[in-house]
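> structure for the following, please:
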Amino acid sequence: MDLDVENQISIAVASAAVGHVIAALSSSYHHRNGHLPIASSEFPFESFRLTTRLGAALFLSTISQTQQQAMMASFFFSTPAFMLSGFAFPIRNMPVAVQHLTYLNPIRYFIEIVRAIFLKGAGVDVLWPQMAAMAVYGITVLGLSAMRFQKRLH
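As a prediction, the model looks like this:
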């Protein structure tokens, strides 16, 4: 392994670790201050979101030749993903064809989870379909990105 690859891997691992620590601190803060019922926690869901984002970032870095290309690619990936997540605009108000496209967006499931936890106090027993979808997306995207990364090394 050359130094560049080792740096990329260490940055990815450090980013994931920092994200998980922030999610754990946020979850414990909300539990302690009574904003979040003990039965539910956003931490496991945040882990799936971080895994998906890390996989997407790794994929974008493998298709880009420079940092500028990676930043432009992330812009063209993140903006539509955010717009189709249901955060800015309700999914039910989108055209039917676009509503079906939102099922391909892992952020959609995370937004549903966060809303259900904070507004309804829902737990894993209610949110397992969204959690399963995020897990599948996270494992698939990170796995495919890692395989592509390995091919690029050789």
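
> so how far is residue 67 from the spatially most central residue of the chain?
Centroid-nearest residue in the chain: residue 49, 2.7 Å away (criterion: Cα atoms, centre = their mean). Per Cβ to Cβ, to the nearest Å, residue 49 is found 24 Å from residue 67. Any C-beta I mention is one placed from the backbone N, CA and C, and that applies to glycine too.

> and for residue 101, the neighbour number?
Look at residue 101: counted by other Cβ atoms under 10 Å, it has 15 neighbours.

> again, but for the one 5 residues further on
Other residues near residue 106 come to 26 when the count uses other Cβ under 10 Å.

> and residue 140, by the same measure?
13.

> the residue nearest to it when sequence neighbours are not counted: which element?
Leaving aside its sequence neighbours, residue 140 sits nearest to residue 55 (Cβ to Cβ, 6 or more residues apart in numbering; 7.8 Å). Using DSSP states H and E, residue 55 sits in helix 43-63.

> average pLDDT across that helix?
For helix 43-63, mean pLDDT is 78.
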